[in-house]
Structure formats: structure tokens, C-alpha cells
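Chemist: No sequence on hand, only this structure:
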């Protein structure tokens, strides 16, 4: 079973990818007026564990197949994806977590893993745009960081250079 998060009217919805399309779990539960309560968000699913996952699997397997275009069935190519987990408590990352990464950046291989955090506003879905900062100090930081130049970094440097005239 493949779970996805998609956006509808600026709200996150949990879906299950099937051969027919993506089942909007909350919409299916509402439309079918089922007595079986299944998790309708990724958070509920994570909190309720294996039992909730099994209930969800049964719910999806028992959905009626006779409906031609049920309102709860979405086409994957028409969806805007959200982040896999929409509300993590913390995002802790490990930097320079392999030798080649350290070598690529020209940094010394650390004796211990380098930990850093990200914030919830950095979450995005598959295929979403990632806005680049327009703040001069951030661009300078990117420009002078000891990172290997990739496609987004030259754009930021070029923007900064153009702003200076």
C-alpha cells in the first residue's frame, strides 16, 4: 500500500494509491458513511500504529468498484503533492554523513556526525517549487559557503551580482 499526502483547498489530505487512482480516505469515509473508522491523516496513522494500518488496508480493499467516477477517487496526475509527514515534531538531519560528501565539499571528514535542524516551513511535496531567498545576506552566505556549486547556487549568485549592478 502506497500512502501519499496531497493538497486540496490548501489542506493536507491522506490518500492511498490504487490501480484506479488515489483514494481520498477522508472523502471516501464520508461519502460511504461507513461505521469503520480509519485514520484520515498521516499523523493519526503514525500515532495509532500497526492496527490502524491494517484497518486502513481493509477499508481500501473493500471499497466498491462499481462506481464510475466516485468523488473520493482522484487521478494522481491532477494532484498537488504535500510533504510525506505534514507535522513532524522535529526535523534533525545528519550532515557530511558519508566520506564522499565531505570530500565533495572540501571539508574535513568529521570524527562525529554533524547534526543540524530544519524547520517545518522547509517541508514540501514532490514536484513542488522551492523558493530561493531574495535576502542579500542569505545569498552571500550561500555564495561563500564551501559547497559544491549546483544549479540553484549559481542562480542565487547571479541574482546577487545583478543587484549590485
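Modeler: Received, thanks. Just so we're clear, the structure is a prediction, and the values are computed from it rather than from any experiment. Numbers count the residues shown, from 1 in each chain.

Chemist: Chain neighbours aside, what residue packs nearest to residue 109?
Modeler: Leaving aside its sequence neighbours, residue 109 sits nearest to residue 102 (Cβ to Cβ, 6 or more residues apart in numbering; 4.7 Å). To be clear about C-beta, it is placed using only N, CA and C from the backbone, and glycine gets the same treatment.

Chemist: What's the separation between the one you found and residue 94?
Modeler: Distance from residue 102 to residue 94, counting by Cβ to Cβ, to the nearest Å: 12 Å.

Chemist: okay, these two: which has more neighbours?
Modeler: Each of residue 102 and residue 94 has its neighbours counted (other Cβ atoms under 10 Å); residue 102 has more, 16 against 10.

Chemist: quick one: contacts for that one?
Modeler: 96, 108, 109, 110 (Cβ atoms under 8 Å, 6 or more residues apart in numbering).

Chemist: Flag every buried residue along stretch 41-57.
Modeler: 41, 42, 45, 52, 53, 55, 56 (16 or more other Cβ atoms under 10 Å).

Chemist: Just put these in JSON lines and tack on secondary structure.
Modeler: Converted to JSON lines, the buried residues of stretch 41-57 look like this (DSSP: H, G, I helix; E, B strand; the rest coil):
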{"residue": "41", "secondary structure": "coil"}
{"residue": "42", "secondary structure": "helix"}
{"residue": "45", "secondary structure": "helix"}
{"residue": "52", "secondary structure": "helix"}
{"residue": "53", "secondary structure": "helix"}
{"residue": "55", "secondary structure": "helix"}
{"residue": "56", "secondary structure": "helix"}
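
Chemist: do you know how far the nearest residue to residue 97 once chain neighbours are set aside is from residue 65?
Modeler: Spatial nearest neighbour of residue 97, chain neighbours left out: residue 113 (6.1 Å); criterion: Cβ to Cβ, 6+ apart. According to Cβ to Cβ, residue 113 and residue 65 sit 49 Å apart.

Chemist: And for residue 105?
Modeler: For residue 105 relative to residue 65 (Cβ to Cβ), the value is 52 Å.

Chemist: Look at the two and report which has more neighbours.
Modeler: residue 105 (14 against 9).

Chemist: how about the strands in the protein?
Modeler: Secondary structure of the chain (DSSP state E): strands at 2-8, 11-17, 22-24, 73-74, 80-81, 91-95, 114-118.
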